[in-house]
Every structure is written in structure tokens, then in C-alpha cells.
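Student: Sharing a model that was predicted from the sequence below.
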Amino acid sequence: SLWKKWKQLSRLQRSIILFLFAFLTVCGAISYTSVGEPWKSLTNKSSDEHGTEPDAPGLKLANPAVLPAPQKADANPGDYPELSPQKKPKLPHGRRNPSNFQIKPPWGDVRLQTQHDTSKAVEEPVQADKQEKTEKSVISWRGAVIEPDQSSEPPSSTVKEPEKPSSVEGESQKEPVPINERQRAVIEAFRHAWKGYKDFAWGHDELKPLSKSYSEWFGLGLTLIDALDTMWILGLKEEFEEARKWVANDLAFDKNVDVNLFESTIRILGGLLSTYHLSGDSLFLEKAKDIGNRLMPAFKTPSKIPYSDVNIGRGTAHPPRWTSDSTVAEVTSIQLEFRELSRLTGDEKYQKAVDEVMKHVHTLSGKNDGLVPMFINTNSGQFTHLGVYTLGARADSYYEYLLKQWIQGGKTENELLEDYMRAIEGVKKHLLQRSQPKKLTFVGELAHGHFSAKMDHLVCFLPGTLALGAHNGLTADHMKLAEALIETCYQMYAQVETGLSPEIVHFNLHAQKGHKDVEIKPADRHNLLRPETVESLFYMYRFTGDKKYQDWGWEILQNFNKYTRVPTGGYTSINNVQNPSNPEPRDKMESFFLGETLKYMFLLFSDDIDLINLDKYVFNTEAHPLPIWVPA
């Protein structure tokens, strides 16, 4: 009998047979149940690591969010009378409690692809995947493309599965908006800049285009990482693939090097997270988690206000040698990125660290009608250098991130909106003046009660931020102020001999014959290829449709080409915007020229409102788009 034959077998033989039987049973179960899906994704992962193209069927998609989100609760109708009646945000009562909330990504578990066809300008059209699927979806570099998540990691059993939105099918079939000549000019400018970086600075932080060399800040390929999502949005497939291979094979954070917490967060962490969302490639999320973990020692301070510098190899952090202060802008402009990292990984430690900073700053004294000083001490947690208020360097992005965190979190975080609204009222009360002779509205500075008619080019982020707030239901007065300020920022270019703005201007407050509104001091007349005015032009055009904003941006791009373009590749900062015959090139191309300036140019010239839809994405302060959370 079979039983007797079984008993005659040795123990080893019987064990082998039992193992084979169990193995075949498991394989059969995998073949006929959904348990097999993660294994299929892992197969895709293997092909992706060996050079799968971004539009190939094996590309993994962005993971669904798992960190709990803020609850929604109706606001007291009297809390914010300045908000539009139809668009009052739903605000929670009291402080947020992350442990009790649930977040979803913008459209359930889907992702956005670029929504235009750049193939006519840069390469042959990419053939779309013709394989039939059970759900309508296409992975491609052309057209409006969103697709259900197929991440290689199985979802946690404790995480609520996001619902599929009903609008996915309609959006995936939307006809792409062809790119225009101005967008093609941006693509050409990017490729010229990229050529210089590739030829002379590949894998290094910044290009020195005149000397055909490079400079290092952190030694982490800042320009390459900053430019990843720009290449994706512009449709530069070949350049993106080459850069991706560098990230996969050469980008390593295990280095004995000090990095600035703020700059590393907005450029590297933000750039990796954004590229992950746009491409769906989990390589970028893994790198983001790595750098995120290495930056966490910065928060180990007595006050929980982070140190400015972190050694990402040793896991130590410290303030600058000359002070124990951090700048307010730097410690309050890392929240979007760390919050998103928590949302993707399910690890609350990142969001907890940055939320504690915002809650602490919310309670501090030393503000002036919502305006904050520029420095904060990491030991005491108190503001220092009291009495000086600016929307320029060291404070600017604090105000930007108040609004953007509120938007990112689904408009549910009361304290953020409260601080933002109060700050804008403080700007109106203390910092706004009008120049002569054109009566330009500008934002000055206040030092111990004394007003200075000084305005950094950095302040030109404000018109775009105000317009974004108005678009999200805040008072219409914010849009009126945005329109006045963007005119001023444009005049900071138009009234200068090269048509390029200096780093800082001083405005005339008194009418003087033959004088312009804008005056420039010798120490301030450099131009670093900054993005802030172009950024605000993008927001203004997106929300108003007024083509003058596109025309102003076109003038700026032409002047960049005329005075900062280096023939052998790249663009350079210049020392003298007032001397067209010799603008005195500085031999340095900042990473934000590719990461921000040209990206905003391309978006400004696009008439496709779904190309980074501002109801689904919020840009960090380095122009890296991150998804807006949709509360449960």
C-alpha cells in the first residue's frame, strides 16, 4: 500500500516530499489569489533597476499615503470674516492630534504624469503602451496620464484602502495640450544649461560655466537632483534617464559632510519626493527616506528648534560656529517635505518633529502683528534680534509655508491659517509703501520702528503666495495686493539697463525729477538667476489668464539669454545688471536655475491648467510639487 511505501522511505526523503508538496501548494495559491500581486510588482522592480524606461509597463507607481491626517470640522462662522462666504475653510477646534487622523492622496491611490506633448520639440514621440488593461491607464510622457497605484510593497493591514475617484477615467482620456514656441524656447534653454552641467560638472553640486568646472557645497549633486522633476515636466526623457542612473548608482548620503538642514530639505528631500510622485519610481522614495533619516539629528536640541547644520555621515548636528541661533525661515520652511515623508512612509517621527517647531513658533512672543523676527535660539527657543522685520532673506519662506502647509493638509489646520492671515495684515500695516514717480506698491523693512524702503528680490515670492491664498478662498483683497506687487516686481526688471533685476532694490519715496522708482546700490546689483518673480508670474497667469504675465516672463527669459548665457553651455550669475556691455559674469550657475526658474518659465507659458494642477499639488519653496492631502 501507499502507506507502507511511505513508511519505507527515509526521514530525509519524506521531509523532501513534504516540502515539495507545501511549496507547490503555496505557488498555486499565489497564482490564483491577489497575494501574487506584490510578487508581480517585484518582478517589475527588477526590470526597472536594469534600465526600464519611465514609460515602460514595469514602472512602479507612487505609494498610497498611510499617515493619519487632520480631521475636518466646521469653523465658527465668525472666526474668519475676511474669507469668501462660499469658500470658508473647515477648521478644527483646538490643536491637531495626528494619532487620530487619516489622510488620503489627492485622488485616492493615483498619480499624475506630465500632461503635454513635448516630443515635437525634443525627440520622436514615444509609443504608448498598447497592452489592454482592466482599468483605463497609460504610462507615457505625453498626454494627461494618471494611473492606479501598483507599488511593490503590499499595503499595511491597518491602513484604510483609499477609494478610487470617479474622475480618473475622464482625466486619463483628456487630450494633451500641445506645447508652444515659448515653451520650446525654455526646453532649449534647459538643454543648453544641462549640456554645460553634463560636460563640466556631472555629479557635482554646481556648474562654473566660464571656467568649465564645478563647485561643491555638500558634494551631493545638488543641480542634478534639483533638476529631476523639471526634466520630467519638460518631457526630457533621455536626460531624465541618464540622471536617474546617476541617482541609482552614484548618489550616496553616507558621507562625512556637514549639510545645511534647510537647503538639503528643500532641494534634495523635496526634489526626490516630487520626482517620486511624478514618475512613480520607488528609487526616489528610498533615497528620500535615507536623507530624511540622516537629517533628523538636527532636531535634538533643548528647545526642539533644529540646528542649522547636520553631519549626515556621523549623525551629529550643530549650530553655526559663530552663534547658537537658527534663522526663522530655515526652521519653519522644512515642514512640507517632512510631513510628506511621514505621509508616504507611515512613520510619524518626521511630521512630529516639524509640527512641534510650528506649534512652538505659534506661541512665541516678539511678533509684531504677525510679523516674526529673523532669528531664533536653539537653546532657549526664543526669538532673538527683536525689532527687525522683513519678508526678505531669513524670514521670507516662513510666511509662504504657513499658507502652503494649510493647503497641503486639506485646509484643516487652524493655527497655520490664523498666523498667515495675521501676518498679511501685519505686512499691510507696517511694511507697505508706494514709490515715486509711478506709485509702485512695495514691501519694505522695519527696524526698531524705522521704515526702510529696501526690498529683496526674494520678496517677489509674495504676489504668487497671495494669489494662491485667494484662489483657495481667502479674501479678495489678497489678490488685489498680489496684482499691485507683481507689477512692482516686473518694474524691478524693466527699469534696469539689462532688463534683469538686482538682488536688492531701494525705492524712491519722494518725487525727484529724472529719478526712477528703483534705485540700486553697488553692493546689490548682482543677479543670481533667481526664480521668485517668474514664480509669481506663473501663479498670476494661472489664476487670471492675463497674458501680460506671460509677456513679462518672455522678456525676462530673453534677457537671461542675452546677458547670462555662456556659449559653451550653461548660464551664469552676473555682478552688474546696470552694465549691458559688461554685466561681469560671476562664473556660477545656481541649482535653482534649473530646479525653479526654468520650471516656472515652462509652466508660465503653458495654457494647460492640469500641468501640475494647483488644486492637487502645492510647490515647496524650491519649486518641487507635492500632493495636497485629501482628508478622510
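Tutor: Happy to help now that I have it.

Student: When you work out contacts or count neighbours from here on, use the C-alpha atoms and nothing else.
Tutor: OK.

Student: Who are the contact partners of the nearest residue to residue 395 once chain neighbours are set aside?
Tutor: Spatial nearest neighbour of residue 395, chain neighbours left out: residue 329 (4.4 Å); criterion: C-alpha to C-alpha, 6 or more residues apart in numbering. Taking C-alpha atoms under 8 Å, 6 or more residues apart in numbering as the definition of contact, the neighbours of residue 329 are 374, 393, 394, 395, 396, 397, 398.

Student: Against residue 261, how distant is residue 273?
Tutor: From residue 273 over to residue 261 the distance is 16 Å, taken as C-alpha to C-alpha, to the nearest Å.

Student: More neighbours: which of these two?
Tutor: Of the pair residue 273 and residue 261, residue 273 is the one with more neighbours under other C-alpha atoms under 10 Å, namely 29 against 24.

Student: Cross-check the contact I'm expecting between that one and residue 285.
Tutor: Yes: here residue 273 reaches residue 285: they are 6.1 Å apart, a contact under C-alpha atoms under 8 Å.

Student: export the contacts of residue 329 to TSV and tack on pLDDT?
Tutor: Below are the contacts of residue 329 laid out as TSV (pLDDT from 0 to 100):
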residue	pLDDT
374	97
393	97
394	96
395	97
396	97
397	98
398	98
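
Student: Could you list the low-confidence segments of the stretch 101-250 of the chain?
Tutor: Where the stretch 101-250 of the chain drops to pLDDT under 70, the residues are 101-174.

Student: Can you show me the strands along it?
Tutor: With DSSP state E, counting those that start in this stretch as the criterion, the stretch 101-250 of the chain has strands at 103-104, 110-112, 116-117, 146-148, 177-178, 206-208, 213-215.

Student: now for the last one, which elements pack on it?
Tutor: The reference is to strand 213-215. Contacts of strand 213-215 with other secondary structure elements, assessed using 3 or more C-alpha pairs under 8 Å, 6 or more residues apart in numbering; DSSP states H and E, are made with strand 206-208.

Student: Now with 10 Å, please.
Tutor: With contacts defined as 3 or more C-alpha pairs under 10 Å, 6 or more residues apart in numbering; DSSP states H and E, the secondary structure elements packing on strand 213-215 are helix 181-200, strand 206-208.

Student: Report all helices and strands that the shortest one contacts.
Tutor: Contact here means 3+ C-alpha pairs under 10 Å, 6+ apart; on that basis strand 206-208 packs against helix 181-200, strand 213-215, helix 222-234, helix 591-592.

Student: Just name the most buried of these.
Tutor: For the helices and strands packed on strand 206-208, the largest average neighbour count (mean count of other C-alpha atoms under 10 Å) is found in helix 222-234, namely a mean of 26.

Student: and it, what does it pack onto?
Tutor: Helices and strands touching helix 222-234, by 3+ C-alpha pairs under 10 Å, 6+ apart, are strand 116-117, helix 119-122, helix 181-200, strand 206-208, helix 237-250, helix 270-279, helix 591-592, helix 598-604.

Student: got the buried residues for the fifth one?
Tutor: Taking 16 or more other C-alpha atoms under 10 Å as the basis for neighbour counts, the residues of helix 237-250 that come out buried are 237, 239, 240, 241, 243, 244, 246, 247.

Student: Could you pull up the contacting residues of the nearest residue to the second one once chain neighbours are set aside?
Tutor: Closest residue to residue 239 in three dimensions, ignoring its sequence neighbours and counting by C-alpha to C-alpha, 6+ apart: residue 231, at 7.0 Å. Remark: with contacts taken as C-alpha atoms under 10 Å, 6 or more residues apart in numbering, residue 231 is in contact with 187, 190-191, 194, 224, 237-241, 243, 275, 594-595, 599.

Student: how about 8 Å then?
Tutor: 237, 239, 240.

Student: do residue 294 as well
Tutor: Contacts of residue 294 (C-alpha under 8 Å, 6+ apart): 312, 313, 315.

Student: follow-up on the earlier one: how about the helices and strands packed on helix 222-234, which one is nearest residue 545?
Tutor: Shortest separation from residue 545 across these is recorded for helix 598-604, at 10.4 Å, computed as C-alpha to C-alpha.
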